[in-house]
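1. What follows is a protein structure lacking sequence information:
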């Protein structure tokens, strides 16, 4: 199951304004030591309804609003979700053919459903985190070398 907010289009300026305001107000109201939170929902002039939510869900909502406030499109994937090669490529910000090559080179686990490849979201995120870590370590090494050679980087 994939839930995409904003139908793949960036939030409007009004959405961004509302998201900024509501994310900061909501973040201040989340209890730090309780597992549930109560919020009231009011539509128009109607009487509000109180809803009890897991605090973790409320924290997730704050993060979604914070991303929208930055003008980002938000997509949620359940941890056990299986992604198509195009969805996985989009998340890694690479081309689909490049992703398929990673799969064929066994750099990333997948399974076949008929002729189609499916990648577990969790496996994709583990791969991404490994690659990000390798990239970060390589950059740290380059910075250290530049400092040793007095190339003006500090």
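-> Ah, there it is. Everything quoted here is computed from the prediction, not taken from an experiment.

2. Could you look up the SS state of residue 78?
-> coil (DSSP: H, G, I helix; E, B strand; the rest coil).

3. low-scoring stretches of this protein, by residue?
-> 1-8, 153-154 (pLDDT under 70).

4. Show me the domain layout of it.
-> As given by automatic domain parsing, the domain ranges for the chain are 3-76, 82-148.

5. Adding mean neighbour count, write these out as a markdown table.
-> For glycine as for every other residue, the C-beta is placed from the backbone atoms N, C-alpha and C. Compiled in a markdown table, the domains of the chain are given as follows (neighbours: other Cβ atoms under 10 Å):
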| stretch | mean neighbour count |
| --- | --- |
| domain 3-76 | 13 |
| domain 82-148 | 14 |
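
6. Contact partners for residue 62?
-> 23, 26, 27, 30 (Cβ atoms under 8 Å, 6 or more residues apart in numbering).

7. Tell me which helix or strand the residue lying closest to the last one once chain neighbours are set aside sits in.
-> Beyond its immediate neighbours in the sequence, the residue positioned closest to residue 30 (Cβ to Cβ, 6 or more residues apart in numbering) is residue 58, lying 5.4 Å away. Element membership of residue 58, judged by DSSP states H and E, is helix 55-69.

8. what's the answer for residue 39, then?
-> strand 36-41.

9. which stretches of this structure form strands?
-> Assigned by DSSP state E, the strands in the chain fall at 3-4, 36-41, 49-54, 75-76, 82-83, 111-113, 116-120.

10. would JSON lines of those with distance to residue 146 be doable?
-> Formatted as JSON lines, the strands of the chain follow (distance: least, Cβ to Cβ, whole Å):
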{"stretch": "strand 3-4", "distance to residue 146": "41"}
{"stretch": "strand 36-41", "distance to residue 146": "48"}
{"stretch": "strand 49-54", "distance to residue 146": "47"}
{"stretch": "strand 75-76", "distance to residue 146": "37"}
{"stretch": "strand 82-83", "distance to residue 146": "38"}
{"stretch": "strand 111-113", "distance to residue 146": "44"}
{"stretch": "strand 116-120", "distance to residue 146": "37"}
